[in-house]
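**Q** I would like the atomic coordinates for the input below:
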Amino acid sequence: MKTLKLVLFALALSAGTLLHAAPKKSTETSVAFNKEIQQLLKNIDIEVKEDVTAYLIVRFNCKNEMEVLYVGSKNVEAGEKIKKCLNNKQIKTVLDSSEESYKLPIRLKA
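**A** So this is what the prediction gives:
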């Protein structure tokens, strides 16, 4: 019985490690795209008490408009405002059309 538990634990640990190491389908963004996102978020009205880091995953439609897929942040209000501000915004930067989605970190300072 102890051997069975040990084998199952080792199997679960191995599976978790493999899933964590698997590559994601999103790619890092270019410097020009990052600067364009900064400009879009420049006038957003978010008050934070401490520095917040949000992780943004977006894709683009045929009109080169951003579709925000995910905003990961501990501050839910900031995440919602970022999504509302960036969703369906058209960008000028030309990105690789073969990529399905892009990810970038966003830091909001208190």
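**Q** show me the shaky parts of the chain.
**A** Applying pLDDT under 70 to the chain flags the ranges 1-2, 4-29.
**Q** all strands of it, in order?
**A** Here the chain has its strands, by DSSP state E, at 26-28, 52-60, 66-72, 101-108.
**Q** make JSON lines out of those strands and add mean neighbour count and distance to residue 36.
**A** All C-beta spots, glycine's among them, are computed from the backbone N, C-alpha and C. Shown next, in JSON lines, are those (neighbours: other C-beta atoms under 10 Å; distance: least, C-beta to C-beta, whole Å):
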{"stretch": "strand 26-28", "mean neighbour count": "15", "distance to residue 36": "15"}
{"stretch": "strand 52-60", "mean neighbour count": "18", "distance to residue 36": "12"}
{"stretch": "strand 66-72", "mean neighbour count": "17", "distance to residue 36": "10"}
{"stretch": "strand 101-108", "mean neighbour count": "16", "distance to residue 36": "11"}
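**Q** let me see the contact set for the residue minimising distance to the centre of the chain.
**A** Nearest to the geometric centre of the chain sits residue 56, at 2.7 Å (C-alpha atoms, centre = their mean). Contact analysis of residue 56 by C-beta atoms under 8 Å, 6 or more residues apart in numbering lists 37, 68, 70-72, 82, 86, 103-106.
**Q** hang on, residue 108 packs against residue 78?
**A** Yes: using C-beta atoms under 8 Å, residue 108 is in contact with residue 78, at 6.0 Å.
**Q** what is in contact with these two at once?
**A** 46, 48, 52, 54.
**Q** how far away is the third one from residue 98?
**A** Going back to what we said before, that points to residue 52. For residue 52, the distance to residue 98 (C-beta to C-beta, to the nearest Å) stands at 32 Å.
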